[in-house]
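J.: following is a predicted model, sequence given first.
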Amino acid sequence: MTSMVLQPYEAALAQLAAADPAVVVVTAENRAAIRNLPGVLGERFIDVGVAEQTMIGLAAGLALRGRRPIVHALAAFLTMRAYEFIRTDVGIGRLPVKLIGGVPGFLSDANGPTHQAIEDIALMRGIPGMKVFCPADEIDLIAALPALLADPAPCYVRYTASPAVCPHPLPGQPHRIETVAEGDDVAILSFGLLVREALDARARLAADGISARVLSVRMPKPLDEAAVLAAAADTRLVVTVEDHLQIGGLYSTVCELLVRSGVRAELLPIALTERWFKPMLLPDLLMREGFTGAQIAARILERLDQPRGGNRVMRNATDPVIARSKSLWARAKQLIPGGTQTLAKGPGQHVQGVAPIYLARGRGARVWDVDGNEYLDMTMAVGPLSLGYADPVIDEAIRTQLGDGITFSLMHPLEVEVAELIRDVVPNVESVRFSKTGADATSAAIRVARAFTDRERVVCCGYHGWHDWYIATTDRGAGIPTATRELVSTFDYNDLDSVRAAVDVDTACVIFEPMVVEPPQPGFLEGVREICDQHGALLVFDEMWTGFRIALGGAQQAFGIRADLATYSKAIANGMPLSVLAGRADVMQKLERDVFFYTTFGGEALSLAAAAATIPELRRRQVPETLAARGHTLRQGFARICAERGIAWTRCVGMDARTMVAFDAASVDPLLAKSFVQQELIRRGVLWSGFHNLSWAHRDADIEYLIGCYQEILPVLADHVAAGTLAGALRGQPVEPVFRRIGNPPRPAKGAR
Ligand SMILES: Cc1ncc(COP(=O)(O)O)c(C=O)c1O
């Protein structure tokens, strides 16, 4: 006798049928899960016996007559025996038939091997228009039914009556991947009952210090691509776990996406590789086939431990082998004066003999040198990687633009669009111009300021690029006319008296970074603004570091001070070369004709496309806030170690998003100390040149790791300092100074022109 106590899945179908008279439940010899429904649905329950093919034709016909058939059969018979009918009648016709496949994948301990549906996803996903839904458990399945039924597309569903396997943050949204556990080292993508094993694997990996994100990929088709790309970007290994043949299932889907998106990721497929298995009780089966949490964790660990040709981000036993770096450097020295195009990247800033010299690739906050050694990168290309290497969103924007062209014979619409974006984000911007390098923008700012004020003198404070007027103030100013040097004066940051002494009625502008290391003292920025106004000089903020980083609107937003002109570049396009001069319309108006500022690549579209994608992402991912929080933790960690160890001669200083390690020259040789810390960090897989140039891709775990490294290194450094053995502790050549500022030249009497 039929019991009328409905099971949860039956109750869900009965409810849907009650709400919608078009719902029809159809079955072919698979009544176990719906044995109580005939009594509830009456004529709207149709059992066609063993004829799966006929059942599909019937369902298609009913759908054509406005019905919404929900069809049940054993997954293996449904997807294979009825395949041609599903493809032709349902798929190509895009009919709203829902196909529910019972005992899919491993879910059988009764039927023979021929009954195992282990290629069902491959078969169904190859059918035009067909969606594929693989719920993790019965709760997931039932929550998804209304959305699936409302969707006019045909859909194949892997039926499961499993009790809850995982939490469901997105109930009723079957098209979305559910992140059922967070993690940054490894991403485990799975579906169905194996999500439970993935979670078990995650717990075991945690014991080894590896954090795994677990994603329940409920729909391999259409795939929630953003979630997979984010997982590939955030982690160093993507693992797919499926009770399906490796070909055509989740692993294939992920591979196709990565190839199509041009994203590189390490992949580990855990699936059935072209063999049938003997059905048995599920726990035994999982064990025998290698799908228990413990076995999955072991395979992941094995993969992560595989020697990949070099040191990794860990406490390595030796310094990295850098043979290829060295041989490239030997060739460079024959041909490239100075060897490097960016001073901060050159060997002079790294311990020669220990540090890598050439990098081959990067992803997130990790880089790999040409010898295959992996590093956590704290330099991040000296600033431009605000989101991280190979960010999937930005790279996709660049690739899309690349398909249309890089640079053109007329202007490109992105010039207008990005200019508008900047105006909307940065305070006081009435006018915008683009160029390629920071030095382009600061040079243009000076020329515009000189033209606008009809004055020649410039007052500056820190680094602004390689061009004449700034480098003239340093000891590396050979080749710069004396006349240029005589037009530039310097002042000291946070010292208003030095600003007053430098600025007069001949000053065209004061240019400086609103903050580098020390925060502005109360009244300092306001004071400089006032001095400029008193003398009719323009105030120019060099916001290469502060722009889009300490706040989306940079220092003008963070400190509430108006600059007449501001320059930007790092951070705005996640590594693509783009710089910006922005500011007052009446000043910038000089660029209409009088001031010449044009260059072939000024409106190059790949960089503009990168900026158009980066600026909204900086806001969406709350990058300034995230960097500030992580930087704060790092600074506190450094301070705690120094306090605990009584080390008073080093500090982590600067803005939270970009701090640096400073050493007091009175107590320790800063270059030797920096070299020692650098060599020890390199041994531990961290690339560092004194700064923590944080990007969104640096994770909490990276910060913790770095603090852990300081915890080990600083006491040893202190011992060497105390014993006077620091120079001897270096395993290579110490880093070199960059350049020194030279004194201000004698100036003509104030007011003289
Ligand atoms: C504050 C500041 N201004 C200007 C520049 C020059 O930028 P670029 O090297 O792109 O010419 C830099 C470069 O590091 C900088 O840090």
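T.: Received it, and whenever you're ready, just let me know what you need.
J.: Glu543 and the ligand, how far apart?
T.: According to Cβ to the nearest ligand atom, to the nearest Å, Glu543 and the ligand sit 8 Å apart. Where you see a C-beta, it was placed from the backbone N, CA and C, and this is true even at glycine.
J.: now the helix or strand hosting Leu618: average pLDDT?
T.: Leu618 is part of helix 605-620 when elements are defined by DSSP states H and E. Computed over helix 605-620, the mean pLDDT rounds to 97.
J.: likewise stretch 108-119?
T.: 79.
J.: what about that stretch, start to end distance?
T.: End-to-end span of stretch 108-119 (Cα to Cα, to the nearest Å): 15 Å.
J.: for that stretch, list every residue counted as buried.
T.: Neighbour-count burial for stretch 108-119 flags 108, 116-119 (criterion: 16 or more other Cβ atoms under 10 Å).
J.: and for stretch 599-607?
T.: 602-607.
J.: ok, back up a step: need the buried residues of stretch 108-119 in TSV with secondary structure, can you?
T.: Listed next are the buried residues of stretch 108-119 as TSV, based on DSSP: H, G, I helix; E, B strand; the rest coil:
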residue	secondary structure
Ser108	coil
Gln116	coil
Ala117	strand
Ile118	coil
Glu119	coil
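J.: distance to the ligand for those residues - can I get that in TSV?
T.: Formatted as TSV, these follow (distance: Cβ to the nearest ligand atom, whole Å):
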residue	distance to the ligand
Ser108	63
Gln116	60
Ala117	58
Ile118	55
Glu119	54
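J.: that older thread, run through who's touching the helix holding Leu618.
T.: Outside of helix 605-620, the residues within contact range by Cβ atoms under 8 Å, 6 or more residues apart in numbering are 386-387, 391, 393-394, 396-398, 400-402, 404-408, 412, 414-415, 417-418, 421-422, 425, 434, 436, 548, 552, 571-578, 623-624.
J.: repeat that for stretch 698-710.
T.: Residues outside stretch 698-710 that contact it (Cβ under 8 Å, 6+ apart) are 184-185, 211, 234, 313, 365, 376, 378, 388, 630, 633-634, 637-638, 641, 680-681, 684, 686, 692.
J.: among those, which are in helices?
T.: Under the assignment DSSP state H, the contacts of stretch 698-710 contribute 234, 630, 633-634, 637-638, 641, 680-681 to helices.
J.: what sits against the closest residue to the ligand within the stretch 251-400 of the chain?
T.: Proximity of the stretch 251-400 of the chain to the ligand (Cβ to the nearest ligand atom) peaks at Val382, 6.2 Å away. Shown here is Val382, whose contacts under the criterion Cβ under 8 Å, 6+ apart are 342, 344-345, 570, 693.
J.: can I get those in JSON lines with distance to Gly93 and pLDDT?
T.: Shown next, in JSON lines, are those (distance: Cβ to Cβ, whole Å; pLDDT from 0 to 100):
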{"residue": "Thr342", "distance to Gly93": "60", "pLDDT": "93"}
{"residue": "Ala344", "distance to Gly93": "62", "pLDDT": "93"}
{"residue": "Lys345", "distance to Gly93": "59", "pLDDT": "94"}
{"residue": "Lys570", "distance to Gly93": "55", "pLDDT": "96"}
{"residue": "Asn693", "distance to Gly93": "56", "pLDDT": "98"}
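J.: drop anything exposed from the residues you listed.
T.: Buried among the contacts of Val382 (16+ other Cβ under 10 Å): 344-345, 570, 693.
J.: most widely separated two among these?
T.: Lys345 and Lys570 (13.7 Å; Cβ to Cβ).
J.: shaky segments in this structure?
T.: 1-3, 30, 305-309, 746-753 (pLDDT under 70).
J.: quick check, the residue in it closest to the ligand?
T.: Nearest residue of the chain to the ligand: Gly438, at 2.1 Å (Cβ to the nearest ligand atom).
J.: what sits against that residue?
T.: 464-465, 542, 544, 567, 569-570, 579.
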